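*Asks:* Just to be clear, the model below is a prediction. Sequence and coordinates:
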Protein chains: 2
Amino acid sequence: MQYQRIILAARPRGPVRPDVFKLETVDVPALGAGEVLVHNEYLSLDPYMRGRMSDAKSYAAPQPLNETMIGATAGVVVDSRDARFAPGDTVSAMLGWAEMGVAKGDALRKVDTARVPLSAFLGVAGMPGMTAWYGLNEIIRPRPGETVVVSAASGAVGSAVGQLAKRMGCRAVGIAGGPEKCAYVVDTLGFDACVDYKAGNLAEDLKRAVPDGIDGLFENVGGTVFDTALARMNAFGRVALCGLISGYSGAQIPIHNLRSVLLNRLTMRGFIVTEHMDLWPRGLAELEELVASGALRYRETVAQGLAAAPEAFIGLLEGRNFGKQLVRLTG
Amino acid sequence: MQYQRIILAARPRGPVRPDVFKLETVDVPALGAGEVLVHNEYLSLDPYMRGRMSDAKSYAAPQPLNETMIGATAGVVVDSRDARFAPGDTVSAMLGWAEMGVAKGDALRKVDTARVPLSAFLGVAGMPGMTAWYGLNEIIRPRPGETVVVSAASGAVGSAVGQLAKRMGCRAVGIAGGPEKCAYVVDTLGFDACVDYKAGNLAEDLKRAVPDGIDGLFENVGGTVFDTALARMNAFGRVALCGLISGYSGAQIPIHNLRSVLLNRLTMRGFIVTEHMDLWPRGLAELEELVASGALRYRETVAQGLAAAPEAFIGLLEGRNFGKQLVRLTG
């Protein structure tokens, strides 16, 4: 039996181009003791992958060349040499950009699709949801009545941040690109306001959207968007630094308003949610329940077929996706 | 009876020039109930004063025009209508750029000069010392064996930071301007190393001085010095943002390495030590004991006479002082 996978064939310099990826067909290996074979239904595309493609010093080892691109997947067990897993079980895992994959049972998370769709375990009920949960609960710790701002607000992480902040009694304000995304953030997700950073009047528009200033900033973007939000922070505000996607293509975008950290006695903390696995069981249980009850809404952009993954990933880096970017790997 | 004082006559635009200050002679007022008249022996000059001279939004109200410039002072009580104070008592206070001043007793701190010189209560045993103590103990919280870097290392705050870090079992590395200051930081204060940022090779020199990277950064300067240190931070490092003196004259110096906060999961916190008065009794007691025993060393640059204060202050902003900048107000 064979399956398709995508490997990283070359490291990008500057913007990612499709030719750094290579699609190839490989044999399904024989299962070793304790191993499980999974047929992936969905691949998650996430901004962190851009960092791994570089071999610059970072918190994680770089994606090796000529190996399957890293990535979270959700799928169905087709064969198992681990007694805890049987064919037909639905699981999430890190099997990468591939139609199938083999992992030890300990690296799989069995998921129950009775109330939550399989794809959601790659989004709001998975790593992106936990990212929102962690940044809010462990760094921003908002009090009722405070204002929380999140950039990339219509994305997988941002959409959860605002909805969770609303549930905590906060004013939730998003920053997103374009009127369609902003309308979705307010009308469907229930944020109090959303600022379109592409409208050309970010500083004034943000100022109007946060009449009482910003107490908690969940930053996914960096660059000008971050700088503009820093200028509106209140005393003793908290900044959860989750991503700097605006600089992922190598462009160094300097920050001018770091003075706000001093003047407003801000606390800014960068974090990587996978370093806090102890909190995942609690956080995921909360998120799954909110998704199952319909209290936490989300949107997906689904590319069809593994071969579509490179273009979908480039679109994600450029903000062309709308909500959680997935690749559907089955027909 | 009359005394001299210096008022702020105009707000500086860009670098501070002497003509924004005005020296004038005023009458000593009659004491009201509960008030104390102090003859100031020393005026402390500190970088925060530059911020107060501006009327831009900040954490503190701006210095009013045509009133005595704000400032910490140490002196001797000459008259008192507060039973807790008697003529001859030595006190520290915030009586400003003035030879004499009147304050309520609650605004005075009685100091014991038997073991600690009066001037030290404006430096290492006063606000600058507490600034070092707070940033280290409450933000950086270094563990033995970690590396702590402090900029403006020969200054009133920086010199205390490194010495306290050494006492906590850390490698202490300073950044200072010029070989004379660096030699003092290592030879007299006992830092493990000091990097001369004026030598033209800051990035390489700092890298060599912190072979195990930086775990705690006590930042007084901002700009290129800060950016360079950010690039050498270790995972889970802490940054106490105390000052950004490099930008106090209005020049906006952008930061390029904010990405380090994310990649290294740093925690950065801005602070104002006067917002944490609850910790002062404990911190000052520790600092006074260390000064009295000779364990904590310090250096002063003393300008003579109130009229010398403006030039001394400008020198402080430009790094021309060496150690704590004071003005001696008595003959």
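*Replies:* Perfect, thanks for sending it.

*Asks:* C-alpha only now, for contacts and for neighbours.
*Replies:* Fine.

*Asks:* those helices in the stretch 51-200 of chain A, which residues are they?
*Replies:* A:127-134, A:156-167, A:179-183 (DSSP state H, counting those that start in this stretch).

*Asks:* now the strands for the stretch 101-250 of chain A?
*Replies:* A:109-110, A:147-151, A:171-176, A:193-196, A:214-219, A:233-241 (DSSP state E, counting those that start in this stretch).

*Asks:* And the ones you listed: which comes nearest residue B:88?
*Replies:* Across those, residue B:88 has its closest neighbour in strand A:233-241 (40.9 Å, Cα to Cα).

*Asks:* Direction included, what does that closest one pair up with?
*Replies:* Strand A:233-241 has the following strand partners under DSSP bridges: strand A:214-219 (parallel), strand A:267-270 (parallel).

*Asks:* quick check: mean pLDDT across the helix or strand that it is followed by?
*Replies:* The helix or strand immediately downstream of strand A:233-241 is helix A:259-263, counting by DSSP states H and E. For helix A:259-263, mean pLDDT rounds to 92.

*Asks:* Remind me what helix A:259-263 packs against, helices and strands.
*Replies:* On a contact count with 3 or more Cα pairs under 8 Å, 6 or more residues apart in numbering or on different chains; DSSP states H and E, helix A:259-263 meets strand B:267-270.

*Asks:* deepest of the strands paired with strand A:233-241, which one?
*Replies:* Ranked by mean neighbour count under mean count of other Cα atoms under 10 Å in any protein chain shown, these are led by strand A:214-219, which reaches a mean of 28.

*Asks:* Return the distance of that strand from the chain's centre.
*Replies:* Distance, stretch centre to chain centre, for strand A:214-219: 17 Å (Cα atoms, centre = their mean, to the nearest Å).

*Asks:* mind saving the C-alpha coords of that strand as PDB?
*Replies:* C-alpha atoms of strand A:214-219 as PDB (Å, rounded to 0.1, in the frame of the first residue of the first chain):
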ATOM      1  CA  ILE A 214      -6.600  48.100  26.200                       C
ATOM      2  CA  ASP A 215      -6.000  45.900  29.300                       C
ATOM      3  CA  GLY A 216      -5.100  42.700  27.600                       C
ATOM      4  CA  LEU A 217      -3.500  42.300  24.200                       C
ATOM      5  CA  PHE A 218      -3.300  38.900  22.500                       C
ATOM      6  CA  GLU A 219      -0.800  39.500  19.700                       C
END
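
*Asks:* and the strands of the stretch 101-250 of chain A as TSV, adding mean pLDDT and distance to residue B:145?
*Replies:* Formatted as TSV, these follow (pLDDT from 0 to 100; distance: least, Cα to Cα, whole Å):
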stretch	mean pLDDT	distance to residue B:145
strand A:109-110	96	39
strand A:147-151	98	38
strand A:171-176	98	42
strand A:193-196	98	46
strand A:214-219	98	33
strand A:233-241	98	28
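
*Asks:* Need the pLDDT of residue A:14.
*Replies:* What the model reports as pLDDT for residue A:14 is 85.

*Asks:* so which strand or helix has it?
*Replies:* Short version: residue A:14 belongs to no helix or strand, going by DSSP H and E.

*Asks:* distance of it from residue A:20?
*Replies:* Applying Cα to Cα, to the nearest Å, one obtains 12 Å for the distance of residue A:14 from residue A:20.

*Asks:* if you count what's nearby, which of the two comes out ahead?
*Replies:* For residue A:14 versus residue A:20, neighbours defined as other Cα atoms under 10 Å in any protein chain shown are more numerous around residue A:20 (16 against 11).

*Asks:* Hmm, the more buried one is touching residue A:6, no?
*Replies:* No. Taking contacts as Cα atoms under 8 Å, residue A:20 lies outside contact range of residue A:6: 10.1 Å.

*Asks:* which neighbours do these two share?
*Replies:* Common neighbours of residue A:20 and residue A:6 are not found (criterion: Cα atoms under 8 Å, 6 or more residues apart in numbering or on different chains).

*Asks:* on that earlier part again, in TSV, list the strands paired with strand A:233-241 along with distance to residue A:80.
*Replies:* Converted to TSV, these look like this (distance: least, Cα to Cα, whole Å):
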stretch	distance to residue A:80
strand A:214-219	41
strand A:267-270	38
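
*Asks:* and residue A:118, how many neighbours does it have?
*Replies:* 22.

*Asks:* pLDDT score assigned to it?
*Replies:* So residue A:118 comes in at 98 (pLDDT).

*Asks:* quick one: contacts for it?
*Replies:* Residues in contact with residue A:118, defined by Cα under 8 Å, 6+ apart, are A:74-75, A:90, A:111-112.

*Asks:* what about 10 Å?
*Replies:* By Cα atoms under 10 Å, 6 or more residues apart in numbering or on different chains, the contact set of residue A:118 is A:41-42, A:73-76, A:90-92, A:111-112, A:125.

*Asks:* One more: residue A:134?
*Replies:* Applying Cα under 10 Å, 6+ apart to residue A:134 gives the contacts A:128, A:140-141, A:161, A:240, A:271-273, A:276, A:279-280, A:283.

*Asks:* try residue A:265
*Replies:* A:233-238, A:259, B:59, B:241-242, B:268-272.

*Asks:* rerun at 8 Å
*Replies:* Counted by Cα under 8 Å, 6+ apart, residue A:265 has contacts A:235-237, B:269-272.

*Asks:* nearest spatial neighbour of the residue most central in space within chain A, skipping sequence neighbours?
*Replies:* Taking Cα atoms, centre = their mean as the criterion, residue A:128 is the residue nearest the geometric centre of chain A, at 4.0 Å. The shortest distance from residue A:128 to any non-neighbouring residue, by Cα to Cα, 6 or more residues apart in numbering or on different chains, is to residue A:157 (4.9 Å).

*Asks:* Am I right that that neighbour is in contact with residue A:129?
*Replies:* Yes. Between residue A:157 and residue A:129 a contact is recorded at 5.9 Å, counting by Cα under 8 Å.

*Asks:* List the residues that are in contact with both of these two.
*Replies:* Contacts common to residue A:157 and residue A:129, judged by Cα under 8 Å, 6+ apart, are residue A:123.

*Asks:* what's the burial count for residue A:25?
*Replies:* Counted with other Cα under 10 Å, residues neighbouring residue A:25 total 12.

*Asks:* Who does it form a beta bridge with?
*Replies:* Beta bridges link residue A:25 to residue A:4, judged by DSSP bridges.

*Asks:* Residue A:179 and residue A:8, how far apart?
*Replies:* From residue A:179 over to residue A:8 the distance is 35 Å, taken as Cα to Cα.

*Asks:* And for residue A:316?
*Replies:* If you measure residue A:316 against residue A:8 using Cα to Cα, the figure is 17 Å.

*Asks:* And for residue A:35?
*Replies:* From residue A:35 to residue A:8 the distance is 25 Å (Cα to Cα).

*Asks:* try residue A:21
*Replies:* From residue A:21 to residue A:8 the distance is 5 Å (Cα to Cα).

*Asks:* which one of the strands paired with strand A:233-241 lies closest to residue A:102?
*Replies:* Residue A:102 lies closest, by Cα to Cα, to one member of the strands paired with strand A:233-241: strand A:267-270, at 32.5 Å.

*Asks:* could I have that closest one exported to CSV, CA atoms only?
*Replies:* Taking Å, rounded to 0.1, in the frame of the first residue of the first chain, the C-alpha atoms of strand A:267-270 are listed here in CSV:
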residue,chain,number,x,y,z
THR,A,267,3.8,42.7,31.4
MET,A,268,4.6,41.0,28.1
ARG,A,269,5.2,37.3,27.8
GLY,A,270,5.9,35.1,24.8
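
*Asks:* Get me the contact residues on chain A for chain B.
*Replies:* For chain A, the contact set with chain B under Cα under 8 Å from any Cα of the partner chain comprises A:58-59, A:235, A:241-244, A:252-259, A:261-272.

*Asks:* give the contact list for residue A:302.
*Replies:* Neighbours of residue A:302 in contact, by Cα under 8 Å, 6+ apart: A:325-328.

*Asks:* Need the contact partners of stretch A:150-158.
*Replies:* Counting by Cα under 8 Å, 6+ apart, A:123-124, A:128-129, A:131-132, A:159, A:161-162, A:172-177, A:181-182, A:184-185, A:194, A:217-221, A:225, A:298-299, A:322-325 sit against stretch A:150-158.
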